[in-house]
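S.K.: sequence below, structure please.
(chains A and B)
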Protein chains: 2
Amino acid sequence: MENSIIVFRNRPSIRSYAAIAGKKESEGKMGQYFDKIEEDAFFGQKNWEQAESEMQSQTLNLALEKAGMPLKEIDCITAGDLINQCTVSTFAARGTDVPFLGMYGACSTMAETLLTAGILTDGGYCQNVAAVTSSHFSTAERQFRFPLSYGGQRTPTAQWTCTASGAVVVSAETNSPRLEGGCIGRICDLGVKDATNMGAAMSPAAADTIYRYLTGTHTTPEHYDAIITGDLGNIGSPLLIELLLKQGINISAVHRDCGAMMFDEEQQDTHAGGSGCGCSASILCAYFLPKLKDGTMKRVLFCATGALLSAMSSQQGETIPAICHLVEISGSMA
Amino acid sequence: MENSIIVFRNRPSIRSYAAIAGKKESEGKMGQYFDKIEEDAFFGQKNWEQAESEMQSQTLNLALEKAGMPLKEIDCITAGDLINQCTVSTFAARGTDVPFLGMYGACSTMAETLLTAGILTDGGYCQNVAAVTSSHFSTAERQFRFPLSYGGQRTPTAQWTCTASGAVVVSAETNSPRLEGGCIGRICDLGVKDATNMGAAMSPAAADTIYRYLTGTHTTPEHYDAIITGDLGNIGSPLLIELLLKQGINISAVHRDCGAMMFDEEQQDTHAGGSGCGCSASILCAYFLPKLKDGTMKRVLFCATGALLSAMSSQQGETIPAICHLVEISGSMA
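M.R.: From the prediction side, this is the model:
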């Protein structure tokens, strides 16, 4: 447990995965990869919160469908989201009758739930666990920022919360891709107060976790096809590179950031990139896991980052604590 | 994994525990048992959210102090609370430099974090894990209900959110009390919409989890010195007894409910009893764990219940989903 590294001795596998995204996300750079695009921001529901729950629920069902697996074979759902009291996830899981572990890691949720799913299956506590998360532009805007109809100006450092969801079914059976291990994040706060500059607030947490994992496993960036951060975006990504360079680690050749990958910022007016739990979750499931499945990639670090603020903490003048959880995933040829 | 029962093969131990409570709680039936009482509702801070963070932080530090254990020996903190985006817990853990898993289970949090701490230590992923939670009357009131200064009338079924915190240090080393296993809760929603009657909303979840655990482990209520529910209070407790009786299980001789135990409702005007993550957490740490430690009790089921609503979900007309996580704890003589 050097540097609190978690090693999965039984290397649980990823049995299935799915990603659903909204209209704007479908028009971005990742558009072609999602399993399903929903043009209706309400997902056929009465309000945005119900819409996000419906999206999350559909994503899990799609992952199960792709695996030909009935819901009753899932022993536990680990899930979370950005919305107050995580109601999006609990309401999505309400109809399932499956044991449920609610987690809160803001935009780091996909890594936190995936790591927990790995622990539950690797440790022999469960056979199959679904790790799920989502975000929705409209639920996040009204909760964390301004009413949409207010039409507030966005700052250049602001990121665009993605309407997207990702679901991964982790299984104790041998298969690929496989979860090799991971690292539980520590809370880092270097004093950033600007809630419209999440990339800057989160990059120290990403640097801390990646540094701990690389040094703890005695590996270098060259060991990995990609070191994937969650949603540092166009501002936070160079900061992460710089922070790690100061510690003698150069990840620039293999670093990919889901926030920077999601949109075409020139065409889509998304400023510093995408964000939200669903950003890294959907890109993991739509873009990276298929590459690990077909052997195009052999080994990646998935490092989703989260900014642990609330609307109230910002109003009270607090700085923004951040966290980054990490999961190592190996592909078919590893 | 019958009925999704989790069995701890290595039976991790509870190395230390602590409970801190507020003034009103000190005047209730549990007052004499808490490690520390804080008369100042602000805990020396500027606002209630900071006060609750400070209380949670002090409780963890007190548990460590009682064990003579430095913070750096803790490999992970599992924590959560009721406040939007769980900022109470993340801000409390911010200064620790300890890996952090944020969880959301509403008032079931102590059981959820304790079960997770058990999994992390039993599975060999961590040596020592701290499970922590809290609630604060004033943070909960302003977030879920009315401004305190409004002086709103409380309904007869309403419970009083406790200002209290509990922290448990779980260790992979052999000692007692020990964690024997547990059960991850399922989300139950029988259609209760009244956010001032949490006991009714949560009792079906408690019944579901207790039924699954007893049948899954082939044990009966007589096997346990106490089956402890979180905060069903005076309304939810008889409903739980009734629901289980319908399934042929009579827990009435050993059932204890932390919500019903906390206050003297006649003297303290607390209506249906106490609630909040800190209610069951502080009573577990102040009352039950010492009895397991000294051998007065041999075996208990700790079943904290949570109502998974938000202010917005109630405003949107949603019913209240609930969950109950369970941990079996054995004492010195087991």
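S.K.: quick check: which element contains the closest residue to residue A:255 other than its chain neighbours?
M.R.: Nearest non-adjacent residue to residue A:255, counting by Cβ to Cβ, 6 or more residues apart in numbering or on different chains: residue A:227, 5.3 Å away. Quick note: C-beta positions are derived from backbone N, CA and C, even for glycine. Element membership for residue A:227 (DSSP states H and E) is strand A:226-229.
S.K.: how near is the residue nearest to residue A:255 to residue B:287?
M.R.: 48 Å (Cβ to Cβ, to the nearest Å).
S.K.: who has more neighbours out of these two?
M.R.: Between residue A:227 and residue B:287, counting by other Cβ atoms under 10 Å in any protein chain shown, residue A:227 is the more crowded of the two (26 against 21).
S.K.: show the end-to-end separation of stretch A:307-322, please.
M.R.: Using Cα to Cα, to the nearest Å, one end of stretch A:307-322 lies 4 Å from the other.
S.K.: correction: stretch A:293-309
M.R.: For stretch A:293-309, the first and last residues are 35 Å from each other (Cα to Cα).
S.K.: quick one: mean pLDDT for it?
M.R.: Computed over stretch A:293-309, the mean pLDDT rounds to 96.
S.K.: how about stretch A:128-142?
M.R.: What stretch A:128-142 shows for mean pLDDT is 95.
S.K.: that stretch near chain B anywhere?
M.R.: No. Remark: stretch A:128-142 sits outside contact range of chain B, by Cβ under 8 Å from any Cβ of the partner chain, the gap being at least 9.4 Å.
S.K.: between the two ends of that stretch, how far is it?
M.R.: 35 Å.
S.K.: what does stretch A:177-192 give?
M.R.: Start-to-end, stretch A:177-192 (Cα to Cα) is 37 Å.
S.K.: buried set for it?
M.R.: A:177-189, A:192 (16 or more other Cβ atoms under 10 Å in any protein chain shown).
S.K.: among the residues you listed, which one sits closest to chain B?
M.R.: Chain B lies nearest to residue A:184 out of these, by Cβ to the nearest Cβ, at 3.7 Å.
S.K.: now do the contacts for the closest residue to the closest one other than its chain neighbours.
M.R.: Of all residues not flanking residue A:184 in the chain, residue B:99 sits nearest, at 3.7 Å (Cβ to Cβ, 6+ apart). Residues in contact with residue B:99 (Cβ atoms under 8 Å, 6 or more residues apart in numbering or on different chains) are A:4, A:183-186, B:75-77.
S.K.: how about residue A:6?
M.R.: Neighbouring residues of residue A:6 by Cβ under 8 Å, 6+ apart: A:115, A:118-119, A:181-184, B:125.
S.K.: quick one: the buried residues of stretch A:177-192 as TSV, columns for secondary structure, distance to residue B:48 and pLDDT too.
M.R.: Shown next, in TSV, are the buried residues of stretch A:177-192 (DSSP: H, G, I helix; E, B strand; the rest coil; distance: Cβ to Cβ, whole Å; pLDDT from 0 to 100):
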residue	secondary structure	distance to residue B:48	pLDDT
A:177	coil	45	97
A:178	strand	46	97
A:179	strand	40	98
A:180	strand	43	98
A:181	strand	40	97
A:182	strand	35	98
A:183	strand	34	98
A:184	coil	29	98
A:185	coil	27	98
A:186	strand	26	97
A:187	coil	21	97
A:188	strand	25	96
A:189	coil	21	94
A:192	coil	24	91
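S.K.: can you list the domain ranges for chain A.
M.R.: Chain A breaks down into these domains under automatic domain parsing: A:2-171, A:178-330.
S.K.: coming back round to it: alpha carbons only: can I get the strand holding residue A:227 in PDB?
M.R.: Taking C-alpha atoms only, strand A:226-229 is exported to PDB below (Å, rounded to 0.1, in the frame of the first residue of the first chain):
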ATOM      1  CA  ALA A 226      -2.900   7.400 -22.200                       C
ATOM      2  CA  ILE A 227      -3.100   9.200 -18.900                       C
ATOM      3  CA  ILE A 228      -6.700  10.400 -19.100                       C
ATOM      4  CA  THR A 229      -7.800  13.300 -16.800                       C
END
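S.K.: on that earlier part again, quick check, nearest of the contacts of residue B:99 to residue A:213?
M.R.: residue A:183 (4.6 Å; Cβ to Cβ).
S.K.: bridging residues for that closest one?
M.R.: Beta-bridge pairing for residue A:183 (DSSP bridges): residue A:5, residue A:326.
S.K.: what sits against it?
M.R.: A:3-6, A:209, A:212-213, A:216, A:325-326, B:99.
S.K.: low-confidence ranges in the stretch 201-334 of chain A?
M.R.: Scanning the stretch 201-334 of chain A for pLDDT under 70 picks out the ranges A:333-334.
S.K.: please read the previous query as pertaining to the stretch 1-150 of chain A.
M.R.: Within the stretch 1-150 of chain A, the stretches with pLDDT under 70 are A:1-3.
S.K.: now do the strands in it.
M.R.: In the stretch 1-150 of chain A, the segments counted as strands under DSSP state E, counting those that start in this stretch are A:5-7, A:13-22, A:36-38, A:76-80, A:100-102, A:128-135.
S.K.: now the helices for the stretch 1-150 of chain A?
M.R.: A:23-26, A:48-67, A:87-93, A:109-122, A:137-144 (DSSP state H, counting those that start in this stretch).
S.K.: is the second one positioned near chain B?
M.R.: Yes. For helix A:48-67 and chain B, the contact criterion (Cβ under 8 Å from any Cβ) is met by A:49-50.
S.K.: tell me which other helices or strands that helix touches.
M.R.: Contacts defined by 3 or more Cβ pairs under 8 Å, 6 or more residues apart in numbering or on different chains; DSSP states H and E place helix A:48-67 against strand A:13-22, strand A:36-38, helix A:87-93, strand A:128-135, helix A:137-144, strand A:164-171.
S.K.: for the shortest one, the distance to its chain's centre please.
M.R.: Just to be clear, that refers to strand A:36-38. Relative to its chain's centre, strand A:36-38 lies at 18 Å (Cα atoms, centre = their mean, to the nearest Å).
S.K.: what do you get for the first one?
M.R.: Relative to its parent chain, strand A:13-22 has a centroid offset of 12 Å by Cα atoms, centre = their mean.
S.K.: same deal with stretch A:239-257?
M.R.: In this view, stretch A:239-257 has its centroid 20 Å away from the chain centroid, taken as Cα atoms, centre = their mean.
S.K.: what does it contact?
M.R.: For stretch A:239-257, contacts defined as Cβ under 8 Å, 6+ apart pick out A:199-200, A:203-204, A:206-207, A:210-211, A:214, A:220-222, A:224-233, A:236-237, A:273.
S.K.: for residue A:76, what are its contacts?
M.R.: When contacts are counted by Cβ under 8 Å, 6+ apart, residue A:76 touches A:98-101, A:117, A:120, A:126, A:129-130, B:4, B:184.
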